[in-house]
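Chemist: structural data only, the sequence is not supplied:
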């Protein structure tokens, strides 16, 4: 049944113009099921989860003051986006702890880049290695994600930017756009990201209070338009983080069921359809992730 299900899901993804790296793991038994779980992708805003974890750990160590206020001048951190500090028109002073909340729960790119100013990307990668979580490469700031063809076209020409993103990729996952090249972008596989989730939800080298803080941030994530409809319910708590860049649509999270079941889920996808808004792709990736979880849960 498992092999045939995976074949069916691969075919459904292909028919829907998607390719993806999926992995679901039962955090109680360790059993897992996936589709190309070791294929790397640029991870876009998913990088904000390790950023939050390392920042909170530095607070725990006394290297950062969670209440220290940092000034964020308008235009001082050029990371356009729809919410948060990005939309502020006047100088703001924001505490480190609130910047962590904004960057993770609201996916505020400006807040994330202020935090990267405190802990540069290579340091995030180094600490992940110390925690025994390899395979997540943190290389650049969030502002770099808004220097793509999408920012050069008018809003009505978003399809052109997506067509360029789709057409400029290589078989080896290189790309003319550095933000989409796995050797230059912030990148990871579903397996690597699931290892981070497991370390946050089960005993690990990550301090328990730090892990609890990140879990709370992900539980209060406000961007819940992707996997949430299939994983959240009155009997299940879904904690997650999304990532989006051009034709990439991702989500990683953990569903905790009232009966004690705990499943970590990572879905990384790229679309071959040149369109910015693709509700069908969102639905398809969600159904694939749900089918993998249901297969595991039914064993």
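Modeler: Yep, it's here. Here the structure is a predicted model, which is why all the values come from computation and not from measurement.
Chemist: in the stretch 51-200 of the chain, where is pLDDT below threshold?
Modeler: Scanning the stretch 51-200 of the chain for pLDDT under 70 picks out the ranges 75-82, 145-178.
Chemist: tell me where it has strands.
Modeler: Per DSSP state E, counting those that start in this stretch, the stretch 51-200 of the chain carries strands over the ranges 69-72, 92-95, 187-189.
Chemist: who touches the last one?
Modeler: When you say that, I think you mean strand 187-189. By CB atoms under 8 Å, 6 or more residues apart in numbering, the list of residues contacting strand 187-189 from outside reads 21, 37-43, 46, 135-137, 139, 268. Where you see a C-beta, it was placed from the backbone N, CA and C, and this is true even at glycine.
Chemist: the first one too?
Modeler: Contacts made with strand 69-72 from outside it, assessed by CB under 8 Å, 6+ apart, are listed as 85, 88, 91-96, 99, 110-111, 114.
Chemist: off-centre distance for stretch 12-20?
Modeler: 20 Å (CA atoms, centre = their mean, to the nearest Å).
Chemist: in that stretch, which residues are buried?
Modeler: For stretch 12-20, a neighbour-count test (16 or more other CB atoms under 10 Å) marks 13, 16-20 as buried.
Chemist: just give me the closest of the residues you listed to residue 121.
Modeler: Nearest to residue 121 among these, counting by CB to CB, is residue 20 at 25.0 Å.
Chemist: which SSE is that closest one in?
Modeler: strand 18-26 (DSSP states H and E).
Chemist: give me the helices and strands touching that strand, please.
Modeler: helix 2-15, strand 32-35, helix 190-201, strand 262-271, helix 279-297 (3 or more CB pairs under 8 Å, 6 or more residues apart in numbering; DSSP states H and E).
Chemist: just name the most buried of those.
Modeler: Comparing the helices and strands packed on strand 18-26 by mean neighbour count (mean count of other CB atoms under 10 Å), strand 262-271 ranks first with a mean of 26.
Chemist: ok, that strand: who's next to it in the sheet?
Modeler: According to DSSP bridges, strand 262-271 forms sheet pairs with strand 18-26 (antiparallel), strand 248-257 (antiparallel).
Chemist: so what pLDDT did the residue most central in space within the chain get?
Modeler: The centre of the chain sits closest to residue 46, judged by CA atoms, centre = their mean, with a distance of 2.1 Å. Looking at residue 46, its pLDDT is 97.
Chemist: so what touches stretch 5-16?
Modeler: 19-20, 22, 33, 35, 269, 280-281, 284-285, 287-288, 291-292, 295.
Chemist: if you could redo that for stretch 46-54, that was the one I meant.
Modeler: 100, 103-104, 107, 112, 115-116, 119, 123-124, 127-128, 136, 138, 142, 186, 188, 193, 196, 200, 206, 210-211, 213-214, 217-218, 241-243, 250, 252.
Chemist: which among the residues you listed end up buried?
Modeler: Buried subset of the contacts of stretch 46-54 (neighbour count, 16+ other CB under 10 Å): 100, 103-104, 107, 112, 115-116, 119, 124, 127-128, 136, 138, 142, 186, 188, 193, 196, 200, 206, 210-211, 213-214, 217-218, 241-243, 250, 252.
Chemist: now residue 245: how far from residue 181?
Modeler: Residue 245 is 12 Å from residue 181, where distance means CB to CB, to the nearest Å.
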